[in-house]
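> Next comes the sequence, and after it the predicted model I'd like to discuss.
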Amino acid sequence: MSGPGYGKKPLKIRAFLHEAGKSGARITHIDIEGPMISKIIRPGEATYCAGKQAGAFIGLKKSMLARANRLLKRKK
């Protein structure tokens, strides 16, 4: 399912296709930036990402899940 749905909380993010050789990028990559993202996935942490029909899925490790769940509880 893509788009809004039950159990889906919108995030305010900015996404960029960052071209190699510009603004310090060594390789072309996608930057996803936003305060909620940086509270869940901290600088230097790595996780899993896979493509899906409507975009991408970012899997979260246990420590990231714990932080995400704490943020969700605060939002209620």
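Received the coordinates, thanks.
> what residues are up against Gln53?
Counting by Cβ atoms under 8 Å, 6 or more residues apart in numbering, Gln53 makes contact with Ser2. C-betas here are computed from N, CA, C, even on glycine.
> what residue lies at the spatial centre of the protein?
Residue closest to the mean C-alpha point of the chain, counted by Cα atoms, centre = their mean, is Ile37 at 5.2 Å.
> Can I take it that that one is in a helix?
Yes: according to DSSP: H, G, I helix; E, B strand; the rest coil, the state of Ile37 is that of a helix.
> How confident is the prediction for the nearest residue to it once chain neighbours are set aside, by pLDDT?
Nearest residue to Ile37, sequence neighbours excluded (Cβ to Cβ, 6 or more residues apart in numbering): Ile13, at 6.1 Å. On the pLDDT scale, Ile13 is placed at 92.
> Neighbours of Ile13, how many?
By the measure other Cβ atoms under 10 Å, the count of residues near Ile13 is 12.
> separation between it and Gly55?
12 Å (Cβ to Cβ, to the nearest Å).
> now the residue of the chain positioned farthest from its centre: how far from Met64?
Relative to the centre of the chain, the most outlying C-alpha is that of Gly21, 23.5 Å out, by Cα atoms, centre = their mean. For Gly21, the distance to Met64 (Cβ to Cβ) stands at 31 Å.
> For Ile41, give me its contacts.
Ile41 makes contact with 47, 58, 60, 64, according to Cβ under 8 Å, 6+ apart.
> do Ile13 as well
When contacts are counted by Cβ under 8 Å, 6+ apart, Ile13 touches 32-34, 36-37.
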